[in-house]
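# Fold the following and give me the result.
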Amino acid sequence: MQDQWKTSKRLTLTLGLRFDHMGNWFPSSGPGLAVWDASTYDNTADAGAWTGLTWHARDSKIPMSGFPSRAFFYEPRFGVAYDLFGNGKTVLRGGAGVYRYQLSFNSVSGDAFNDPLNMPTLVTTWGCCVGWQNFNNYNPSLGTPGLGSGPYGILQKGDSRTPYTWTYNFTISQRLPWRSVAEIQYSGNQSHDLMLHGPLSNIDLIPQGAFFKPDPKTGQINDPASPSFPVNDYYPLGNYTGITLVGHGSYSYYNAMILTWQKVTGRVLFTTNYAFSKVLGIRDDQSDNGPSAGTTVYPYALAPNYGVLAWDRTHIFNAAYVVNLPGPVHGNKLLGGAVNGWILSGITQMQSGVPLQPNTGGTLNVQWPGNFNNQQYLGTNAVNIVPKLTCDPRSGLSQGQYFNPSCFAPPTGGANGDFVWPYIHGPAFFNSDLAIYKDFKFKEHQKIEFRFSAFNFLNHPLPQLGVGPDLRLSFIGPNDTLARTNQNTATTGKPLFDSPSVRRVVELAVKYNF
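Just a heads-up that it's a prediction; the model follows:
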């Protein structure tokens with residue numbers, strides 16, 4: 001429900017409240033989907049199968065979907081518009097609202113738009129790799145609960161949360177000369193209860209340094225370098241090799257200043273906008289292949305993974321324009337028909353480069369020697385080794401250089417490196433398209449349009465990192481030894497190639513309309 005009140009000639013209020021019921025995926029028959037209940041877990045060797053798990057057939061209080069569904073979520077909306085001086089030239093506007101969305105179980109934090117209609121997949125492992133099935137394989141006649149495959153996990157008992165986003169903005173609009181309007185806007189949003197992914201939701205992680213301590217089952221000190229090292233003995237939940245829960249708890253924030261200037265009447269029309277923004281949130285590792293594969297995020301807590309997200313663009317500028325060219329020919333109908341009435345239009349885009357760390361797996365594709373691995377150096381398989389920063393990789397750069405490779409080094413003293421680096425921008429994006437066209441009318445409701453277009457008409461090359469080994473840090477020295485400096489000479493912090501996909505394209509088109 002929503003209503004609008006014009007409380008005075010200068011003030012208008014808009015208030016609304018939406019009620020949403022969002023059900024969860026559920027099987028139509030069978031024992032139901034499994035949930036994790038830590039209070040029922042038995043860590044002894046003679047524990048029964050699926051200890052710690054329960055489902056509808058075992059406990060009727062657990063819904064078939066595993067996740068309980070709330071009757072309603074409340075989503076308020078607020079809006080205000082105020083004519084500052086009462087002449088319609090300066091207007092203040094603002095608003096806020098909350099929006100909820102249901103993610104499927106194969107969604108990750110921040111991925112709210114592509115996955116809601118996908119078939120969900122769920123996972124747990126029993127012993128080593130038993131129970132690898134998903135909803136497509138769900139077979140009620142087996143009598144086992146709905147489990148799954150992949151790095152996404154079983155359900156967390158009692159988790160009835162749903163991801164939501166608060167979005168808000170405040171705008172000052174000012175009418176300017178030439179019948180144009182300028183606006184300055186603050187726009188922001190914050191998302192909470194996003195789905196946790198992979199190792200960030202694993203409750204059965206082997207602590208760092210555990211492999212250097214006595215075996216929890218035998219009491220012996222084992223050599224982590226041994227091929228027969230008993231990794232499974234060290235899992236806190238001894239009857240599993242990783243329990244990854246489908247649950248909520250991730251978050252992200254967006255804040256932006258947006259400037260707009262537009263003119264929509266007259267011979268010359270244009271709209272321009274500039275955004276200065278930042279997207280921050282919890283980085284997860286979407287490339288992880290399971291609870292034991294290691295990860296480039298810090299899996300033991302959320303906060304150390306908070307940083308700039310992969311899709312952030314600090315500066316974005318766009319301009320679009322249409323110019324109705326003057327008609328210089330008068331008195332000659334034939335020549336005027338060919339020369340007069342042409343229209344020139346164009347679009348120009350500029351964006352600052354993407355953040356390198358979240359777009360390169362968090363490590364610039366680092367390579368370590370075989371004897372310098374997480375199991376032997378960190379004493380765990382739960383987290384990968386990441387480089388340590390010895391200086392700010394953004395400082396002292398030469399022309400065309402985007403980062404300083406000499407600022408990265410192996411960690412020392414048994415500690416790991418830095419999981420969140422300073423914001424390192426990649427190459428910026430620039431493109432400008434131009435077109436000129438005219439309609440020739442020769443009969444009622446019939447015309448021919450001639451159009452000449454040039455995409456990237458300046459033929460501006462765009463350097464691109466990652467095409468070759470320019471984003472590869474290698475700390476492999478002679479004879480597979482650890483080197484304290486980067487050994488890949490191709491990694492200079494400069495792109496090796498320009499993008500082949502950005503080139504000038506010229507088109508001549510003739511279109512007949514009838």
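# starting at the chain centroid, how far to the host helix or strand of A256?
Per DSSP states H and E: A256 is located in strand 248-263. Distance of strand 248-263 from the chain centroid (Cα atoms, centre = their mean, to the nearest Å) equals 14 Å.
# what's that strand packed up against?
For strand 248-263, the packing partners by 3 or more Cβ pairs under 8 Å, 6 or more residues apart in numbering; DSSP states H and E come out as strand 180-195, strand 268-282. C-betas here are computed from N, CA, C, even on glycine.
# Tell me which other helices or strands the least confident helix or strand in the chain by mean pLDDT touches.
The helix or strand of the chain with the lowest confidence, counting by mean pLDDT, DSSP states H and E, is strand 154-156 at a mean of 75. Applying 3+ Cβ pairs under 8 Å, 6+ apart, we find strand 154-156 packed against strand 35-36, strand 245-246.
# ok, back up a step: using PDB, write down the CA coordinates of the strand holding A256.
Output of strand 248-263 as PDB, limited to C-alpha atoms (Å, rounded to 0.1, in the frame of the first residue of the first chain):
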ATOM      1  CA  HIS A 248      23.000 -15.700   6.000                       C
ATOM      2  CA  GLY A 249      25.400 -13.100   7.400                       C
ATOM      3  CA  SER A 250      27.400 -11.400   4.700                       C
ATOM      4  CA  TYR A 251      27.000  -7.700   4.000                       C
ATOM      5  CA  SER A 252      28.000  -5.000   1.500                       C
ATOM      6  CA  TYR A 253      27.800  -1.100   1.300                       C
ATOM      7  CA  TYR A 254      27.600   1.300  -1.600                       C
ATOM      8  CA  ASN A 255      28.000   5.100  -1.400                       C
ATOM      9  CA  ALA A 256      28.100   7.500  -4.300                       C
ATOM     10  CA  MET A 257      28.100  11.200  -5.200                       C
ATOM     11  CA  ILE A 258      26.400  11.600  -8.500                       C
ATOM     12  CA  LEU A 259      26.400  14.800 -10.600                       C
ATOM     13  CA  THR A 260      24.000  15.200 -13.500                       C
ATOM     14  CA  TRP A 261      23.500  18.000 -16.100                       C
ATOM     15  CA  GLN A 262      21.000  17.600 -18.900                       C
ATOM     16  CA  LYS A 263      19.100  19.600 -21.500                       C
END
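# So in that sheet, which strands flank it, and in what orientation?
Within its sheet, and counting by DSSP bridges, strand 248-263 is paired with strand 180-195 (antiparallel), strand 268-282 (antiparallel).
# List the buried residues of that strand.
For strand 248-263, the neighbour count (16 or more other Cβ atoms under 10 Å) marks H248, G249, S250, Y251, S252, Y254, A256, I258, T260, W261, K263 as buried.
# ok, what's across the strand from the first one?
In this structure, H248 has beta-bridge partners M195, where bridges are defined by DSSP bridges.
# Would you mind confirming that it makes contact with S191?
No. Using Cβ atoms under 8 Å, H248 is not in contact with S191; the gap is 10.8 Å.
# where do the contact lists of these two overlap?
Jointly contacting H248 and S191 under the rule Cβ atoms under 8 Å, 6 or more residues apart in numbering are P163.
# Take the helices and strands packed on strand 154-156 and lay them out in a markdown table including mean pLDDT and mean neighbour count.
What follows is those, written out as a markdown table (pLDDT from 0 to 100; neighbours: other Cβ atoms under 10 Å):
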| stretch | mean pLDDT | mean neighbour count |
| --- | --- | --- |
| strand 35-36 | 86 | 25 |
| strand 245-246 | 78 | 26 |
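# of all the ones you listed, which lies closest to A490?
Nearest to A490 among those is strand 245-246 (41.1 Å), distances taken as Cβ to Cβ.
# strand partners of that closest one, parallel vs antiparallel please.
In the sheet, strand 245-246 lines up against strand 154-156 (parallel) (DSSP bridges).
# any idea which helix or strand comes after the strand it pairs with?
The element immediately downstream of strand 154-156 (helix or strand, assigned by DSSP H and E) is strand 164-176.
# Name the residues that touch that next one?
73, 75, 88-101, 112, 181-193, 261.
# buried residues in that strand?
Within strand 164-176, the residues scored as buried using 16+ other Cβ under 10 Å are Y164, T165, N169, T171, S173.
# Report the mean confidence score over that strand.
For strand 164-176, mean pLDDT is 96.
# residues near H56, how many?
When neighbours are defined as other Cβ atoms under 10 Å, H56 has 22 of them.
# can you check K6 too?
K6 has 10 neighbours, counted by other Cβ under 10 Å.
# Pairing partners for it in the sheet, please.
Note on K6: beta-bridge partners T12, judged by DSSP bridges.
# My guess is it contacts V80. True?
No. Between K6 and V80 there is no contact under Cβ under 8 Å: 11.5 Å.
# Now the common contact residues for those two.
Shared contacts of K6 and V80, defined by Cβ under 8 Å, 6+ apart, comprise T12.
# picking up where we left off before, in JSON lines: the helices and strands packed on strand 154-156, plus distance to A303.
Compiled in JSON lines, the helices and strands packed on strand 154-156 are given as follows (distance: least, Cβ to Cβ, whole Å):
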{"stretch": "strand 35-36", "distance to A303": "23"}
{"stretch": "strand 245-246", "distance to A303": "19"}
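# Pull the most distant pair out of the buried residues of strand 248-263.
G249 and K263 (46.6 Å).
# in this structure, which segments are predicted with low confidence?
103-153, 197, 285-295, 500-501 (pLDDT under 70).
# Break down it into its helices, ranges please.
Ranges of helices within the chain are 333-339, 356-359, 374-377, based on DSSP state H.
# before we move on, the earlier item: quick one: buried ones out of the contacts of strand 164-176?
73, 91, 93-94, 96-101, 112, 181, 183, 185, 187-193, 261.
# now the end-to-end length of stretch 224-244.
Stretch 224-244 has an end-to-end distance of 24 Å (Cα to Cα, to the nearest Å).
# Pull out the buried positions in it.
224, 229, 231, 233-235, 237-244.
# Please apply the same query to stretch 308-323.
Buried residues in stretch 308-323, counted by 16+ other Cβ under 10 Å: V308, L309, A310, D312, R313, T314, I316, F317, A319, A320, Y321, V322.
# returning to that earlier point: kindly indicate which of the buried residues of strand 248-263 lies nearest W342.
Looking across the buried residues of strand 248-263 and measuring by Cβ to Cβ, the closest to W342 is K263, at 19.8 Å.
# you'd agree that closest one is up against R179?
Yes. Between K263 and R179 there is a contact under Cβ under 8 Å: 6.3 Å.
# any idea which of the buried residues of stretch 308-323 is the one closest to P369?
Distances from P369 to the buried residues of stretch 308-323, taken by Cβ to Cβ, are shortest for A310, at 28.7 Å.
# give me the number of residues near the nearest residue to the closest one once chain neighbours are set aside?
Nearest in space to A310, with sequence neighbours left out and distances taken as Cβ to Cβ, 6 or more residues apart in numbering, is P358 at 4.0 Å. Close neighbours of P358, defined as other Cβ under 10 Å, add up to 22.
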